[in-house]
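S.K.: any chance you can model this:
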Amino acid sequence: MKFKAEIFISLKPTVSDPQGMTIAEGLKQLGFESIDDVRAGKFIELSLNAKTISECNDVIADMCERLLANPIIENYRFEITPADR
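M.R.: Here you go, the predicted model:
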């Protein structure tokens, strides 16, 4: 069965986010004064074949732990849905 995974990766709250600070400053310079904080992250979308959604869940978690995210400084979450045919 084919599945689609949407993976969201962000820095842990205790990790400094220079990219987020730069974005926040740029938004303030453009007049968006209500900005309090910005955290930047990564979004990865992929499709894969698996027998069950549970198997797919295990494979995606393994990908995140081994390559896609750095578990020391990043958190990740993902959503899996059946892929459109």
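
S.K.: hey, let's count contacts and neighbours off CA atoms from now on
M.R.: Will do.

S.K.: state the distance from E79 to I7.
M.R.: Separation of E79 from I7 (CA to CA, to the nearest Å): 7 Å.

S.K.: which one's more surrounded, the two?
M.R.: Under the criterion of other CA atoms under 10 Å, the comparison of E79 against I7 puts I7 first, with 20 against 12.

S.K.: so the more buried one touches T81, yeah?
M.R.: No - applying CA atoms under 8 Å, one finds I7 not in contact with T81, separated by 11.7 Å.

S.K.: which ones are touching the residue nearest to the spatial centre of the chain?
M.R.: For the chain, the residue whose C-alpha lies nearest the mean C-alpha position (CA atoms, centre = their mean) is F8; its distance is 1.6 Å. Contact analysis of F8 by CA atoms under 8 Å, 6 or more residues apart in numbering lists G41, K42, F43, I44, Y76, R77, F78.

S.K.: selection in ChimeraX covering whichever of these are buried, please.
M.R.: In ChimeraX syntax, the buried subset of those is picked out as below (16 or more other CA atoms under 10 Å):
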select :76,78
